[in-house]
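Enquirer: Predicted model, plus sequence, below.
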Amino acid sequence: MTASPLSKNTAVGVVGAGAMGRGIAQVAAAAGHPVLLQDAAAGQADKALGIIGQELDKRVARGRMTEADRQALLARITPVDSLAALAPAGLVIEAVVEDLAVKQQVFTTLEDACGADAILATNSSSLSPTAIARPLRHPERFLGMHFFNPAPVMKLVEIISGLATGDGVAAAAFATAAAWGKRPVYAAATPGFIVNRVARPFYAEAWRLLEEQAADAATVDAILKEAGGFPMGPFALMDLIGHDVNYAVTCSVFEAFFGEPRFRPSAAQRERVQGGYLGRKSGRGIYRYDADARPPAPHTAAPCPPPQRITVEGELGIAEALLPLFTAAGVTVARQPGAGVIRLEEGVLALTDGRPAVLRARGETAPLALFDLARDYEKTPRLALTGSGPEAARLLTAATGLFQAAGKAVSVIADSPGMVLMRVTAMLANEAAEAVQQGVATAAAVDAAMPDGLNYPEGPLGLADRVGPARLLTVLDNLAAWYGDGRHRASGLLRRAAAADTALLG
């Protein structure tokens, strides 16, 4: 259903003047609406207006905004001291503490204060709009409008309908968010909606790798950032978010899905939360942030001589982009039919398929080493390698030299099933596919939400299509067989795409 956005003459109320609330207020005011900003704490709304002004000062200083526009935007925001003062608003967005009872009280008061046509919206990142709207007399005018922090910068807005939300209300909220320069997507009222659900494996698999001593945190972060193209590694990002916040969201989603193993929280993260190692805000999380702290360096292999000749047996799929780099580095590349591996004098080098090297090497007559996925093998500055046992040592040295000759830094990690980026990619794609299968959102909406909401370099379904659904299914099945705990159970949608050789996003 399509609808027109709210007129710019329509007042927008914002409840809660913290970081998210003042960000939403700034967005609405920038779009031309008069904004009424309220907070339960005395003086907080006025303080928020001052902070908005300071942020806009930076834009003026950088030439991204004129002083006249700054003054006009600030003039459109009026701090008010009560929910009753939001009566003129045609749209009210709540951004207060994530507590169901508190939110319900806010909206029962707003329902009495505001006009019958006013749209009431929660910015909740985890609570169901259906549950929040339960005490309302007219839940049909209530929905979720989930912005992402910082709201003036991040493009995504999840439009979440509760069971009673009117189609026209959701369509009007969608159109209004689009008119504000955002990229809205429709999402069903399920735990975590799109982004907070699909993103869980990015953190969960990183914790599992750390707990299993596959690699240290700095190396995991470097692989996911440099080979995966993510703007931050998971541990640096959790330090920025705050481990208390990230852990609470993980626990909330895990409990809401009745203990689904894909969302199981990490005991290592719980210990950090309990000990006050919350990240940047406490001065220490995974990393230190005191005045003398230095960022830890990822493990990077020392220079090794490259092989003079390699033989590529079969097709390497997404890793074919490496071959011109090897040739340009002076390595002779021969081709012959085979199972999609690279044969060196010292042994066989293969892209991980989810099995650890110790298992995959069974039955091989030559030493075996594995290399990890890269989002773009031509441009990636780093690749990960692994092997098992002393028999793979010479091969790992030669493989390290081969990738270094192609211009890549090499991180050699412990023998871990699925390695790092392949494992995380498979799990992100699997959760995205499961969200689509369960009707949380369309495939296009899910794939757009992750770059727009979290600055992912690419949607997980689009990347899955490039890597190959069948390859990712093999990775997941091998992980599931190795661990046997249901965590890596493949989505039926991914299985169907692999069986039919069709695209997840198509």
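Expert: Cool, got the structure. Residues are numbered from 1 along each chain as shown.
Enquirer: Quick one: the strands in the stretch 251-400 of the chain, in order.
Expert: Along the stretch 251-400 of the chain, counting by DSSP state E, counting those that start in this stretch, strands occupy 309-313, 332-336, 341-344, 347-351, 368-371, 382-387.
Enquirer: So which of these is nearest residue 82?
Expert: strand 382-387 (54.6 Å; CB to CB). Placement of C-beta: from N, CA and C, glycine included.
Enquirer: that older thread, could you dump the strands of the stretch 251-400 of the chain into JSON lines with mean pLDDT, mean neighbour count and distance to residue 236 added?
Expert: As requested, the strands of the stretch 251-400 of the chain are exported to JSON lines (pLDDT from 0 to 100; neighbours: other CB atoms under 10 Å; distance: least, CB to CB, whole Å):
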{"stretch": "strand 309-313", "mean pLDDT": "98", "mean neighbour count": "18", "distance to residue 236": "35"}
{"stretch": "strand 332-336", "mean pLDDT": "98", "mean neighbour count": "11", "distance to residue 236": "36"}
{"stretch": "strand 341-344", "mean pLDDT": "97", "mean neighbour count": "21", "distance to residue 236": "32"}
{"stretch": "strand 347-351", "mean pLDDT": "97", "mean neighbour count": "23", "distance to residue 236": "26"}
{"stretch": "strand 368-371", "mean pLDDT": "97", "mean neighbour count": "26", "distance to residue 236": "24"}
{"stretch": "strand 382-387", "mean pLDDT": "98", "mean neighbour count": "26", "distance to residue 236": "15"}
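Enquirer: which regions of the stretch 1-150 of the chain sit below the pLDDT cut-off?
Expert: Scanning the stretch 1-150 of the chain with the threshold set as pLDDT under 70 gives 1.
Enquirer: quick one, helices of it?
Expert: 19-30, 44-61, 67-75, 100-113, 129-132 (DSSP state H, counting those that start in this stretch).
Enquirer: Any buried residues in the last one, and which?
Expert: Under the neighbour-count criterion of 16 or more other CB atoms under 10 Å, helix 129-132 has 129, 130, 132 buried.
Enquirer: what does the first one give?
Expert: In terms of neighbour count (16+ other CB under 10 Å), helix 19-30 has its buried residues at 20, 21, 22, 23, 24, 25, 26, 27, 28, 29, 30.
Enquirer: if we can go back for a sec, would you tell me which one of the helices of the stretch 1-150 of the chain is buried the most?
Expert: Ranked by average neighbour count under the criterion mean count of other CB atoms under 10 Å, those are headed by helix 19-30 at a mean of 24.
Enquirer: what comes into contact with it?
Expert: 12, 14-15, 17, 35, 37, 39, 48-49, 51-52, 55-56, 73-74, 76-77, 93, 95-96, 123, 147, 149-152, 180-182 (CB atoms under 8 Å, 6 or more residues apart in numbering).
Enquirer: Show me how to select, in ChimeraX, the buried members of these.
Expert: To isolate in ChimeraX the members of the contacts of helix 19-30 that are buried, counting by 16+ other CB under 10 Å, one can use:
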select :12,14,15,17,35,37,39,48,49,52,56,73,76,77,93,95,96,123,147,151,152,180,182
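Enquirer: Now do the contacts for residue 388.
Expert: By CB under 8 Å, 6+ apart, the contact set of residue 388 is 356, 357, 358, 361, 368, 415.
Enquirer: And residue 454, by the same measure?
Expert: 148, 195, 199.
Enquirer: Check it and give its pLDDT.
Expert: Note for residue 454: predicted pLDDT of 94.
Enquirer: how near is it to residue 313?
Expert: Relative to residue 313, residue 454 is positioned 38 Å away (criterion: CB to CB, to the nearest Å).
Enquirer: Leaving out sequence neighbours, find the closest residue to the most centrally placed residue in the chain.
Expert: Nearest residue to the geometric centre of the chain (CA atoms, centre = their mean): residue 199, 4.1 Å. Nearest residue to residue 199, sequence neighbours excluded (CB to CB, 6 or more residues apart in numbering): residue 454, at 6.1 Å.
Enquirer: likewise residue 194?
Expert: residue 449 (4.4 Å).
Enquirer: how about stretch 456-465: buried residues?
Expert: For stretch 456-465, a neighbour-count test (16+ other CB under 10 Å) marks 456, 458, 459, 460, 461, 462, 463, 464, 465 as buried.
Enquirer: Give me the nearest residue to the first one, chain neighbours excluded.
Expert: Read that as residue 456. Spatially, and ignoring its direct neighbours in sequence, residue 456 is nearest to residue 450 (4.2 Å; CB to CB, 6+ apart).
Enquirer: gap between that neighbour and residue 425?
Expert: Computed as CB to CB, the residue 450 to residue 425 distance reads 12 Å.
Enquirer: Now do the shared contacts for these two.
Expert: residue 460.
Enquirer: What are the boundaries of the helices in the stretch 401-506 of the chain?
Expert: For the stretch 401-506 of the chain, the helices defined by DSSP H, counting those that start in this stretch occupy 421-437, 443-454, 460-467, 469-483, 492-500.
Enquirer: Also the stretch 251-400 of the chain?
Expert: Remark: helices assigned in the stretch 251-400 of the chain by DSSP H, counting those that start in this stretch are 267-274, 322-328, 357-360, 393-405.
Enquirer: Comparing the ones you listed, which stretch has the densest surroundings?
Expert: Of the helices of the stretch 251-400 of the chain, helix 393-405 is the most buried (mean count of other CB under 10 Å), at a mean of 22.
Enquirer: And residue 208, what's its pLDDT?
Expert: On the pLDDT scale, residue 208 gets 97.
Enquirer: In contact with it: list those residues for me.
Expert: So residue 208 contacts residue 266 (CB under 8 Å, 6+ apart).
Enquirer: how near is the spatially closest residue to residue 284 that is not a sequence neighbour to residue 387?
Expert: Closest residue to residue 284 apart from its sequence neighbours, by CB to CB, 6+ apart: residue 277 at 5.3 Å. According to CB to CB, residue 277 stands 33 Å off from residue 387.
Enquirer: ok, now residue 190?
Expert: From residue 190 to residue 387 the distance is 41 Å (CB to CB).
Enquirer: for residue 309, same thing?
Expert: For residue 309 relative to residue 387 (CB to CB), the value is 20 Å.
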